[in-house]
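> quick one: sequence and predicted model below, then my questions.
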Amino acid sequence: MEKTFAEEVEEGLSASPKYLSSKYHYDDEGSRIFQEIMAMPEYYLTDCEMDIMQNRAIEIYEATGFPGHFNIIELGAGDGAKTKELLRNLLQAKADFTYVPIDISEEAIDILVTTMQASLPELNINPQVGDYFEVMDKVESEESCPSLILFLGSNIGNFRDEWAVDLLKHMSKHMQSGDKLLVGFDLMKNPNLIRNAYFDAQGITARFNLNVLARINRELFGDFDLNKFGFYSHYNPENGDVRSYLVSLEDQYIAISKTGKTFHFEKDETIWMELSKKYSLEGIEHLSSDAGFNFEQHFLDSKKYFSDSLFSKP
Ligand code: AVJ
């Protein structure tokens with residue numbers, strides 16, 4: 001069974017050093033703040049992947065080698081702004097495909113379908129609400145055509161090395177031989193650029209992280225005072241890790257009524273909130289083969305900051 005939010009919070013705040021899982025950033029408020037992050041000039045990732053979707057779409061399609069009808073299955077479709085560019089280009093090239101966006105949020109899928117239909121009326125769309133892997137199995141068993149799976153936006157960066165391999169292996173298990181996987185990776189680059197993307201001067205990223213404490217207050221009846229926590233983030237150019245933390249500004253106790261537990265924070269004690277890993281091209285190729293895929297090709301943006309990398313299931 002998957003652990004609940006309450007269980008994970010208790011585990012993470014009891015650990016030494018303390019941590020919270022980055023999957024809890026995305027409640028409604030967190031998703032809104034993430035939209036603000038994507039619009040920041042410092043957060044180059046979104047523009048770079050948009051550039052790839054606008055300028056490399058046909059090459060990506062050609063590299064799949066799919067001769068006829070295929071599915072494009074998107075894991076965690078989000079607002080679809082980048083995918084829309086890919087789909088628009090493929091429709092223009094007369095590619096024959098059905099778009100299958102998967103998301104756990106029904107609301108997110110409804111909004112996505114509405115925006116896609118408004119801007120791409122000729123798109124075949126088969127929206128799915130639910131667990132990625134269950135939906136992949138269902139789609140693959142109903143249709144005999146091959147699939148291109150999309151896992152974009154550098155979401156893989158939240159997983160540390162062994163977990164990234166496990167996740168890709170898991171995806172592979174739910175794919176057919178010949179299916180393709182396109183994964184978005186943020187690349188190692190000038191450390192200052194990376195640091196500024198995650199430690200912005202306006203404090204939007206700080207708010208994004210503090211919202212997890214606010215979420216604990218809302219959902220688990222915690223008594224965090226957000227003014228008593230600061231934010232810190234750093235990039236290590238030797239291993240590609242961006243690690244983001246909240247910092248307790250004073251010695252304090254936090255009670256969480258839902259579980260009846262109290263947690264002590266020393267002054268300057270940190271909570272590790274997120275890993276946003278940066279890759280080298282060789283690192284991506286290694287990851288692909290460690291997970292049992294054949295590496296096909298990297299598709300980079302014009303600045304060479306980001307790669308959508310294509311793997312195929314043997
Ligand atoms: C959504 C995981 C790709 O790590 O770049 C942005 C989340 N965190 N700024 C990333 C995030 C801080 C983002 N991902």
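Arrived safely, thanks for sending.

> tally of neighbours for Pro237?
Look at Pro237: counted by other CB atoms under 10 Å, it has 13 neighbours. Glycine gets a C-beta too; all of them are placed from N, C-alpha and C.

> got phi/psi on the residue lying closest to it once chain neighbours are set aside?
Closest residue in space to Pro237, ignoring its immediate chain neighbours: Pro191 at 4.6 Å, by CB to CB, 6 or more residues apart in numbering. Per-residue torsions, Pro191: phi -60, psi -30 (degrees, to the nearest 10).

> which parts of this structure are strands?
Using DSSP state E, the strands of the chain run over 18-19, 70-75, 97-103, 128-129, 147-151, 180-186, 229-236, 241-248, 252-256, 261-265, 270-275, 294-300, 306-312.

> residue nearest the centroid of this protein?
Closest to where the C-alpha atoms of the chain average out (CA atoms, centre = their mean) is Asn155, at 2.3 Å.

> what's that residue in contact with, if anything?
76, 184 (CB atoms under 8 Å, 6 or more residues apart in numbering).

> Pro121: which of the strands of the chain is closest?
strand 97-103 (12.9 Å; CB to CB).

> and the residue of the protein closest to the ligand?
The minimum distance from the chain to the ligand, using CB to the nearest ligand atom, falls at Ser276 (3.3 Å).

> neighbours of that residue, how many?
For Ser276, the count of nearby residues is 21 (other CB under 10 Å).

> next: the one 10 residues further on.
Using other CB under 10 Å, His286 is surrounded by 15 other residues.

> for this protein, where's the lowest mean pLDDT among helices and strands?
Taking mean pLDDT, DSSP states H and E as the measure, the chain has helix 132-142 as its least confident helix or strand, at a mean of 88.

> helices and strands around it, which ones?
strand 70-75, strand 97-103, strand 128-129, strand 147-151, helix 161-173 (3 or more CB pairs under 8 Å, 6 or more residues apart in numbering; DSSP states H and E).

> want to try CSV for the ones you listed, with distance to the ligand as columns?
Formatted as CSV, those follow (distance: least, CB to the nearest ligand atom, whole Å):
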stretch, distance to the ligand
strand 70-75, 13
strand 97-103, 14
strand 128-129, 20
strand 147-151, 11
helix 161-173, 12
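
> mean pLDDT and distance to Leu287 added to the ones you listed, as TSV?
TSV is the format used below for the helices and strands packed on helix 132-142 (pLDDT from 0 to 100; distance: least, CB to CB, whole Å):
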stretch	mean pLDDT	distance to Leu287
strand 70-75	96	16
strand 97-103	95	22
strand 128-129	92	27
strand 147-151	97	12
helix 161-173	95	6
